[in-house]
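K.L.:
Here is my input, please return the structure:
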Amino acid sequence: MKNLVIVSFPAKDGMLDNLIETLKVALPDTRAFEGCISVDTYIEDATNTIHLIEDWETLDNQVAYLNWRIETGLLDVLEPLLDGGAAGLKAVVCGPKDPTI
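P.N.:
Numbering: from 1, shown residues only. The predicted model follows:
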């Protein structure tokens, strides 16, 4: 991985299937966005949370992507599906792998 970003989407009770369908529509554009190397999805059933494991060429590419998603209204679509609304969305920007550890 070049630049690891982990994004977690905690679904409200009863909304996991809606969240999955929304991400199925959104993720092809994510994967096609400039600098996106890959996006893998994992579902944590115990917490109704979808985790995206993203790999980006640069963190600047990921920031540009996030800004584009905000501008195009994806967060507005996700708001009613997420536990805690958009504030419930968690992103961990790890960056590049450290081979010295």
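K.L.:
For the lengthiest helix in the chain, name the packing helices and strands.
P.N.:
Longest helix in the chain by number of residues (criterion: DSSP state H): helix 16-32. On a contact count with 3 or more C-beta pairs under 8 Å, 6 or more residues apart in numbering; DSSP states H and E, helix 16-32 meets strand 36-44, strand 49-56, helix 74-78. Where you see a C-beta, it was placed from the backbone N, CA and C, and this is true even at glycine.
K.L.:
Only the buried residues of it, if you could.
P.N.:
For helix 16-32, the neighbour count (16 or more other C-beta atoms under 10 Å) marks L16, L19, T22, L23, T30 as buried.
K.L.:
The third one contacts D76, correct?
P.N.:
Read it as T22. No. Using C-beta atoms under 8 Å, T22 is not in contact with D76; the gap is 11.4 Å.
K.L.:
where's the residue lying closest to S38 once chain neighbours are set aside relative to G84, distance?
P.N.:
Spatial nearest neighbour of S38, chain neighbours left out: D55 (4.7 Å); criterion: C-beta to C-beta, 6 or more residues apart in numbering. For D55, the distance to G84 (C-beta to C-beta, to the nearest Å) stands at 26 Å.
K.L.:
next one: Q62
P.N.:
Q62 sits at a distance of 22 Å from G84 (criterion: C-beta to C-beta).
K.L.:
pretty sure the residue nearest to S38 is in contact with M1, am I right?
P.N.:
Yes. Counting by C-beta under 8 Å, D55 touches M1, with 4.6 Å between them.
K.L.:
who touches both of those two?
P.N.:
Common neighbours of D55 and M1 (criterion: C-beta atoms under 8 Å, 6 or more residues apart in numbering): I37.
K.L.:
Now do M1, the pLDDT please.
P.N.:
Listed pLDDT for M1 reads 88.
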